[in-house]
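> Generate a structure from the sequence data that follows.
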Amino acid sequence: MPRRAFLRTVARGPLFQTAVTWQNRAAMRNAVARIAAGTGAPGSTQRRREEVVASYWPRLRPASSGGWTQHLKLPRNPGRFRFTRLG
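Numbers count the residues shown, from 1 in each chain. Below is the predicted model:
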């Protein structure tokens, strides 16, 4: 699954959205909701939004192999999706 599609699927998860909202409403409004909606943005803005979703994903995904991860049919080991900042 391409990185953008993976992040959009993660951002659309209702439990993920709820968890981000509890931790940081601004991140939910400015990044997660826009990634989930598929709202495009100029390059660096889009990358920042993707980085927000990518940074919350490892902290909020269930530790077990069950839970909403399987419901969304996401890979069990998203560690292969590495995000690096260039420059």
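> can you map out the helices along the protein?
Secondary structure of the chain (DSSP state H): helices at 3-12, 14-23, 25-27, 33-37, 43-60, 68-72.
> Which elements pack onto the fifth one?
Identification of packing neighbours for helix 43-60 by 3 or more CB pairs under 8 Å, 6 or more residues apart in numbering; DSSP states H and E yields helix 3-12, helix 14-23, helix 33-37. Heads up, the C-betas are built off the backbone N, CA and C, glycines and all.
> For the second one, name the packing helices and strands.
Yep, that's helix 14-23 we're talking about. In this structure, helix 14-23 packs against helix 43-60, with contacts taken as 3+ CB pairs under 8 Å, 6+ apart.
> if we can go back for a sec, turn the helices and strands packed on helix 43-60 into CSV, including mean pLDDT.
Output for the helices and strands packed on helix 43-60, formatted as CSV (pLDDT from 0 to 100):
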stretch, mean pLDDT
helix 3-12, 90
helix 14-23, 88
helix 33-37, 94
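> Would you mind saying which of these lies nearest Pro58?
Ranking the helices and strands packed on helix 43-60 by proximity to Pro58 (CB to CB) places helix 3-12 first, at 10.5 Å.
> can you dump the C-alpha coordinates of the closest one into CSV?
Extracted in CSV, the C-alpha atoms of helix 3-12 (Å, rounded to 0.1, in the frame of the first residue of the first chain):
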residue,chain,number,x,y,z
ARG,A,3,2.4,5.7,2.0
ARG,A,4,-0.2,8.3,1.2
ALA,A,5,-3.0,5.7,1.0
PHE,A,6,-1.8,4.1,4.2
LEU,A,7,-1.8,7.5,6.0
ARG,A,8,-5.3,8.4,4.7
THR,A,9,-6.6,5.0,5.9
VAL,A,10,-5.1,5.6,9.3
ALA,A,11,-6.4,9.2,9.5
ARG,A,12,-9.9,8.0,8.6
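> and the angle for it with helix 43-60?
60 degrees (axes from the mean of the first three to the mean of the last three CA atoms, to 10 degrees).
> Helix 3-12 to helix 14-23, inter-axis angle?
70 degrees.
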